[in-house]
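S.K.: I would like the atomic coordinates for the input below:
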Amino acid sequence: MPITFESVEQIAAAVGQQLGESDWLTVTQERIQLFADAVGDQQWIHVDPERAREGPFGACIAHGYLTLALASYFMPRIVHIENLRMGVNYGCERVRFPAPVPVGSRIRGRGELTKAEPVDGGVQATIRMTIEIEGNTRPGCVVDTISRYYFH
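M.R.: Model (predicted):
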């Protein structure tokens, strides 16, 4: 169940807090292929299961940028904003891909609010999103996401 914020003050008071984690999501070959088609990255380590089986990872792996993009999938499953007039993805800082995400892996997002700064009419929140891989001590991605929330 996502944590809920209703104001700039509530977000500011939560800096330094763990926000929780999402449910697990299985990374399928179909999702990897759809991403490959969307961005034009058809490298065999992502889209050729037979060749990838013999490659360095023993199976196809998700694109790093697919894993990063899934931060947007996990975010609303971790954080819910009430009384929101508008929310904007402002950017990212410090994107890292510590471990490959093999096809069939289950991943989830874990969030930590690291910073909240006032902006005209709202707040700019930095949430460190860690994309965990079930059974792996190293995450598939760690990214500091920056969002701006404007309240009614």
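S.K.: ok, which stretches of the chain are strands?
M.R.: 3-5, 18-21, 25-26, 79-81, 84-96, 106-119, 122-133, 141-151 (DSSP state E).
S.K.: what residues sit buried inside the fifth one?
M.R.: Residues of strand 84-96 classed as buried under the neighbour-count rule (16 or more other CB atoms under 10 Å) are Gly87, Val95. The way it works is simple: take the backbone N, C-alpha and C, and place the C-beta from them, glycine included.
S.K.: ok, which of the strands of the chain comes nearest Ile61?
M.R.: Between Ile61 and the strands of the chain, the tightest spacing by CB to CB is seen for strand 122-133, at 10.8 Å.
S.K.: next, the angle strand 141-151 makes with the closest one.
M.R.: 150 degrees (axes from the mean of the first three to the mean of the last three CA atoms, to 10 degrees).
S.K.: packing partners of strand 122-133?
M.R.: helix 8-13, helix 64-78, strand 106-119, strand 141-151 (3 or more CB pairs under 8 Å, 6 or more residues apart in numbering; DSSP states H and E).
S.K.: now those in CSV, with mean neighbour count and mean pLDDT?
M.R.: Output for the helices and strands packed on strand 122-133, formatted as CSV (neighbours: other CB atoms under 10 Å; pLDDT from 0 to 100):
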stretch, mean neighbour count, mean pLDDT
helix 8-13, 16, 95
helix 64-78, 19, 97
strand 106-119, 18, 97
strand 141-151, 20, 97
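S.K.: Serialize these to JSON lines and add fields for distance to Arg53.
M.R.: Shown next, in JSON lines, are these (distance: least, CB to CB, whole Å):
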{"stretch": "helix 8-13", "distance to Arg53": "46"}
{"stretch": "helix 64-78", "distance to Arg53": "20"}
{"stretch": "strand 106-119", "distance to Arg53": "20"}
{"stretch": "strand 141-151", "distance to Arg53": "24"}
